[in-house]
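Asker: My questions are about this predicted structure, shown below with the sequence.
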Amino acid sequence: MKYLKLSFFVVLIFAVGRIEATQSNIDIDIVIEGGMSFARPIAVVPFKYSGTSPQPPHDLSAIIAADLRRSGRFNPMPFNEMPQQPNQHTDVDLEVWKSKGIEAVVVGTIEEKVPGEFTVNYQLIDVFKPQQFVESGDLVTSSEYLLLNNTGVAKSKNYRFYSHQVADKIYEALTGEPGAFATRIAYVTVDRSLQRPYQLYMADSDGYDPQALYSSSEAIMSPVWSPDGRSVAYVSFENGRSEIYLQQIYTGQRSLIAAFPGINSAPAFSPDGQKLALTLSKDGNAEIYVLDLITRQYRRLTRTRNSVIDTEPEFSPDGQWILFTSDRGLRPQIYRVSVNGGREERITFEGEYNASATYTPDGKSIILVNRTNGVYHIAKQDIETGTMQVLTNTMLDESPSLAPNGSMVIYATIHNGRQVLAAVSTDGRFKARLPAKRGEVKAPAWSPFLTQ
Amino acid sequence: MSIKSLGKSILVTLPAFFLFACSSTTENTDTGTTTTEPPQVEVPDNVESEEDRMKRLNAEAREVRTVYFEFDDSTVKTQYQDLLKAHAWYLSRNPGVQVAIEGHADERGTPEYNLALGERRGNSVRDILMSYGVSSSQMRVVSYGEEKPANPSHNENAWEENRRAVLDYEG
């Protein structure tokens, strides 16, 4: 009896601790709005744990299941509906999962061999591949159904990141494309009740563990990640006007990149990280420049008549082209120019306003903001055919940023009178809202693939 | 009555009054010089000189420091010409005074395009002030794009209030 009471007490404390941790460690939730009817049914069985700590720092199976669900490609079965909870592929009864309509099952074990060090084994099983079959009259046992059987070690500190990496591996095994769960999102929050209302944040791709990178009493705009994932460039008004800064994420070190007269705006890294395209109006009107980050030399790329706006430069994945927005034809449209300069070619023609374009990782399409009949949505245009597909149905959509695997776009929108983040898959099927606990959220920037 | 419509009503009445005052003071000064008859009543010390009266009326006219724009447009509407003349009158007579022209946009459209649009609106106001004789060295344009809304709501009324250029006298 005494033992029972004690364990109840421990569980209670633990539960309270969990709730507090949840409140302080996440500012942005994820609410899936639609598209799950296209998701493949799978099951992530809770991993079996053994070790000296009461339990691992995070619920690995739950993180994996949530990641896969959030991709829009998979619909993981709730734990309490599972017909069995095996931990080894040899214990998985393919027929019973098949009868539940499940296509793939993830099982695994977590073992704390050294305090704070967790050895994780995970296995991915294709339910529709046979474990045994008859070949030339003989019964053959096959392991083809075992798509993954990996073992790794996670420390307490990187346990969540490791969980996302496992989800990435499972996603890749099932779709043939790399996963982008072990990534982060940078974004700007505005909370006018604070002394420093403008904050630049970085959080895990699932909104967990938000960390303030910079806080200011003046506006912050346009964060972008360097291709190595170690720094962010952004626009700060801390000196009363737009200036571009580069900040090292892990040391916090900041350096001023551009503070010319006029606007200093829209930084974009080249794929090799050695150049920064940006918008400057020091010569009269907003034009595109390329800054060599090593030699610190500027090269002006566009030359338009006075009062025309050229802005929002973005490199192509091969680094050979720069997309930009220009209203040289009265309304903003997307143009592209070689990084070496030369002829500028208009590439959008649908709708009255196209801006903020970015290439998909395969370089075959662009994601952009389109206005048609006064309505702003995120759209995708095929470069070859020029066909445009509107992806979103939210309000005043802006600042689209692609996941590094090209599967998902995160963007800013207005929902219930507040600016919030939202996500849509690049095929337009899956839609999610990312409501914030307080204030307004904007300018999302998805990181490149990360290793830590 | 919203702040903006209040601004509009001041705008309609004050500059007209200011211009009228300008022309009438000129006449009064002329008649003042030809007058030979000494005043019958003692003039109180605190009576306002014509120069002071002009300054006061100009200062009143310049209390309006905001011009509003149409959606996605950076043309200064003709209704603001008298207001900008009042500011130009003051700036050209006070070459030591500096003014920052802040350009703003509403939130519709992309933040980066709007930063450039805010600058173009500021430049439109600067160019008009220059055409009225203000030295370019007295003015600087700073764009805040959609980042500093006068009204942070997400609706048509807020957007109207936010598409603006503001004259901010420095020092």
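Answerer: That came in fine, so what should we check first?

Asker: For chain A, what lies in contact range of chain B?
Answerer: Contact residues, chain A versus chain B (CB under 8 Å from any CB of the partner chain): A:192, A:219, A:221-222, A:235, A:237, A:240-242, A:262-263, A:265-266, A:279, A:281, A:285-286, A:307, A:309, A:311-312, A:325, A:327, A:332, A:353, A:355-356, A:369, A:371, A:376, A:396, A:398-399, A:414, A:417-419, A:442-443. Using the backbone N, CA and C atoms, a C-beta is placed for each residue, glycine as well.

Asker: And these, which of them are buried?
Answerer: Buried members of the residues of chain A next to chain B, scored by 16 or more other CB atoms under 10 Å in any protein chain shown, are A:219, A:221-222, A:235, A:237, A:241-242, A:262-263, A:265-266, A:279, A:281, A:285-286, A:309, A:311-312, A:325, A:327, A:332, A:353, A:355-356, A:369, A:371, A:376, A:396, A:398-399, A:414, A:419, A:442-443.

Asker: what's the domain layout of chain A?
Answerer: In the domain annotation for chain A, the residue ranges read A:26-175, A:184-446 (automatic domain parsing).

Asker: mind putting those domains in CSV, mean pLDDT included?
Answerer: Compiled in CSV, the domains of chain A are given as follows (pLDDT from 0 to 100):
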stretch, mean pLDDT
domain A:26-175, 92
domain A:184-446, 96
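
Asker: Just name the most buried of the ones you listed.
Answerer: Across the domains of chain A, averaging neighbours per residue (mean count of other CB atoms under 10 Å in any protein chain shown) puts domain A:184-446 on top, at a mean of 19.

Asker: which residues of chain A fall in helices?
Answerer: A:2-25, A:60-70, A:94-99, A:159-175 (DSSP state H).

Asker: Contact residues of chain B facing chain A?
Answerer: Where chain B comes near chain A, counting by CB under 8 Å from any CB, the residues are B:72, B:74, B:107-113, B:115-117, B:119-120, B:123, B:141-145, B:147-148, B:152-155.

Asker: Give me the distance between the closest residue to A:S255 other than its chain neighbours and A:R300.
Answerer: Nearest-residue entry for A:S255: A:L246, 5.1 Å, with adjacent residues in sequence omitted and distances by CB to CB, 6 or more residues apart in numbering or on different chains. In this structure, A:L246 lies at 21 Å from A:R300, with CB to CB, to the nearest Å as the measure.

Asker: Could you do A:G284 as well?
Answerer: Summarising the geometry, the distance separating A:G284 from A:R300, computed by CB to CB, is 11 Å.

Asker: Beta-bridge partners for the closest residue to A:R303 other than its chain neighbours, please?
Answerer: Excluding its sequence neighbours, the residue lying closest to A:R303 (CB to CB, 6+ apart) is A:E287, at 6.9 Å. Taking DSSP bridges, one finds A:L280 as the beta-bridge partners of A:E287.

Asker: is the nearest residue to A:E103 once chain neighbours are set aside in a bridge, and if so with what?
Answerer: Across the structure, with CB to CB, 6+ apart as the measure, the residue nearest A:E103 apart from its sequence neighbours is A:R40 (5.3 Å). Going by DSSP bridges, A:R40 is paired in beta bridges with A:F74.

Asker: In contact with A:R40: list those residues for me.
Answerer: With contact taken as CB atoms under 8 Å, 6 or more residues apart in numbering or on different chains, A:R40 is in contact with A:73-75, A:103-104, A:174.

Asker: For it, give its distance to chain B.
Answerer: Applying CB to the nearest CB, to the nearest Å, the value for A:R40 to chain B is 35 Å.

Asker: Ramachandran coordinates for the closest residue to A:P227 other than its chain neighbours?
Answerer: With CB to CB, 6+ apart as the measure, A:G273 is the residue that lies nearest to A:P227, at 4.4 Å, once sequence neighbours are left out. As for A:G273, its main-chain torsions (degrees, to the nearest 10) stand at phi 70, psi 0.

Asker: Quick check, A:G273 in contact with A:S226.
Answerer: Yes. Proximity of A:G273 to A:S226 meets the contact threshold set by CB atoms under 8 Å, at 5.3 Å.

Asker: What count of nearby residues applies to B:L115?
Answerer: Residue crowding around B:L115 was assessed by other CB atoms under 10 Å in any protein chain shown; the count is 31.

Asker: give the contact list for it.
Answerer: Applying CB under 8 Å, 6+ apart, one finds that B:L115 lies in contact with A:221, A:235, A:242, A:263, A:265-266, A:311, B:105, B:143-147.

Asker: switch the cut-off to 7 Å
Answerer: When the contact criterion is CB atoms under 7 Å, 6 or more residues apart in numbering or on different chains, the partners of B:L115 are A:242, A:263, A:265, B:143, B:145.

Asker: Equivalent analysis for A:K169, please.
Answerer: A:148, A:150.

Asker: and what of A:K157?
Answerer: Under the criterion of CB under 7 Å, 6+ apart, the contact list for A:K157 is empty.

Asker: where's it relative to A:E398, distance?
Answerer: Using CB to CB, one obtains 36 Å as the distance from A:K157 to A:E398.

Asker: Over to A:S222?
Answerer: Here A:S222 is placed at a distance of 11 Å from A:E398 (CB to CB).

Asker: overlap in contacts of the two?
Answerer: Overlap of the contact sets of A:S222 and A:E398 (by CB under 7 Å, 6+ apart) consists of B:P111.

Asker: Give me the phi and psi for residue 115.
Answerer: You didn't pick a chain, so chain A it is. Per degrees, to the nearest 10, the residue geometry at A:P115, taken as phi and psi, is phi -50, psi 130.

Asker: switch to chain B, that's the one I care about
Answerer: B:L115 has phi and psi values of phi -60, psi -40 when expressed as degrees, to the nearest 10.

Asker: Leaving out the residues flanking it, which one is nearest to it?
Answerer: Setting aside the residues directly before and after it, B:L115 is nearest to B:G145 in space (CB to CB, 6+ apart), at 3.4 Å.

Asker: again, but for A:L368
Answerer: Here the residue nearest A:L368, using CB to CB, 6+ apart, is A:A357, at 4.0 Å.

Asker: what's the residue in the stretch 101-250 of chain A that chain B sits nearest to in contact with, if anything?
Answerer: Across the stretch 101-250 of chain A, the shortest distance to chain B (CB to the nearest CB) belongs to A:A219, at 3.6 Å. Under the criterion of CB under 7 Å, 6+ apart, the contact list for A:A219 reads A:198, A:237, B:144, B:147-148.

Asker: cool, and A:A182?
Answerer: Residues counted as contacts of A:A182 (CB under 7 Å, 6+ apart) are A:161, A:164-165, A:168, A:450.

Asker: For it, grab phi and psi.
Answerer: Dihedral angles phi and psi of A:A182 (degrees, to the nearest 10) take the values phi -80, psi 60.
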